[in-house]
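>>> I would like to see how this sequence folds:
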Amino acid sequence: MNLPVLRLKPNADRRLRSGHLWIYSNEVDTKATPLGDFQMGDQVIVENANGKPMGVAALNPQQLVCARIVSRDTGYSLDKSLLIHRLKVALSLRENLFESPFYRLINAEADLLPGLEIDRFGDVFSVQISTQAMERLKDSIVEALVKSCKARTIIWRNDLPNRDLEGLEKYLETAYGDDDDAVEVIENGIRYVSPLLLKKRAPWNYDQRLNRARLADYVQGKRVLSLYAGVGDWALNAAVNGASQVVCLEHSQDLTDVLLANAEDNHVADLIECYQGDVLAGLDTLKSTEERFDIILADPPDFIRRKKDFKTGEAGYRRLYEGAMRLLAKDGLFMVSTRSLFFSQEEMQSSLLASARHLDRNLQVLERQGQSPDVPAHPAIAESSYLKHFICRILPNS
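Model prediction:
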């Protein structure tokens, strides 16, 4: 294969040999192969210091993670043929897991397609691209989804902040088919409608599928509070599975309207009560009226988007945790998640414990969960195991 070479420093191939897919700029022998000689999106054959080929990688020479392995076999580069092959392999897993075609179809490195995420909603597909190399394959992605999955509609959701790092413009548009405003989702036997073209918000988070299904074992006859309720993904699971009442707090009026419509469609509108406004302020309002709930569900946005924001973000999580715990009835359950890459499971657990102790309460961790199997993680890339979900019991200090 006629690709340029990227040479690594001595011993810098150890992580690749152990299974990692990323190459850091400080691992490159820049005297032998200057990074400045490459363009973003170029593909190279990676060699160790002795000249042994390690695989084919796609480049972003301006970033710390300057290359991502796309194939261990130097006979295959990231092209239409490899894309279709990897898509079919990923599709076989999802079709074995789920009866209905509603799932995360491609999850970037975990499906050996760095820079590509695809969510499937029947014959509608939401696609996110985050690398120059993958952007060059846009036409092939559309063709593969039409041929392999009989796509009716394909949406580019390329409004991600990290596209700036690759010199890519941001856009949110229809790539193929109908210009749908909303998408149908069927999950755990419940039908939802969710906005497809809402800026800066994914139409659906498939990563919580199994965690939402666990509600069935907890909510029967319980009064439930759903925070950051969205279109009702958690709230409707609680209502359909026997909750006596579900109160929802959601910042967006548009999403609140969709939630109420979804409740009507699933015949649980009489169990759902919604309040639109700032969620953390809403917790204070509920406390002032002495409301109590048996179960509180919280699936908040990422409070720690950058490492340097840890202190401020962790304080935000503490405010959320303490505000929720104050509203729990005796022996109440707090089910809470984070997707922050900079807030580990250990740090989250410590923050939950500190919040409980600040309120003079005891904390029991009943379950620790991660993401659904259609959102797999790569075992060598810690960042791909991003979802942390805790089910906690909050007890009085007596």
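>>> so after the lengthiest helix in the chain, what's the next helix or strand?
In the chain, assigned by DSSP state H, the helix with the most residues is helix 80-97. Next in sequence after helix 80-97, counting helices and strands by DSSP states H and E, comes strand 102-107.
>>> partner strands of that next one and their direction?
strand 116-121 (antiparallel) (DSSP bridges).
>>> who's in contact with the helix or strand hosting Ile69?
Ile69 belongs to strand 65-71 when assigned by DSSP H and E. By CB atoms under 8 Å, 6 or more residues apart in numbering, the residues outside strand 65-71 that reach it are 6, 16, 21-25, 28, 35, 43-44, 46, 54-60, 77-78, 82, 109, 112-115, 131, 133. All C-beta spots, glycine's among them, are computed from the backbone N, C-alpha and C.
>>> among the residues you listed, which ones are in helices?
Of the positions in the contacts of strand 65-71, 16, 82, 133 sit in helices, assigned by DSSP H.
>>> the last one is in contact with Gly41, isn't it?
Yes - in this structure, Ala133 is within contact of Gly41 by CB atoms under 8 Å, at 4.6 Å.
>>> quickly list what's touching both of these two.
Joint contacts of Ala133 and Gly41 (CB under 8 Å, 6+ apart) are 58-59.
>>> what segments of the chain are helices?
14-17, 80-97, 132-135, 138-149, 209-213, 233-240, 253-265, 279-288, 310-325, 345-358.
>>> would you mind finding the most buried of those?
Ranked by mean neighbour count, the helices of the chain are led by helix 233-240 with a mean of 27 (mean count of other CB atoms under 10 Å).
>>> thinking again about what came up before, reformat the helices of the chain as a markdown table; add distance to Ile186 and mean pLDDT.
Putting the helices of the chain into a markdown table (distance: least, CB to CB, whole Å; pLDDT from 0 to 100) gives the following:
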| stretch | distance to Ile186 | mean pLDDT |
| --- | --- | --- |
| helix 14-17 | 40 | 95 |
| helix 80-97 | 14 | 96 |
| helix 132-135 | 28 | 95 |
| helix 138-149 | 16 | 95 |
| helix 209-213 | 11 | 96 |
| helix 233-240 | 12 | 97 |
| helix 253-265 | 12 | 95 |
| helix 279-288 | 27 | 95 |
| helix 310-325 | 29 | 97 |
| helix 345-358 | 30 | 97 |
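>>> just put these in TSV and tack on distance to Arg163.
Formatted as TSV, the helices of the chain follow (distance: least, CB to CB, whole Å):
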stretch	distance to Arg163
helix 14-17	26
helix 80-97	19
helix 132-135	9
helix 138-149	13
helix 209-213	27
helix 233-240	26
helix 253-265	24
helix 279-288	28
helix 310-325	22
helix 345-358	28
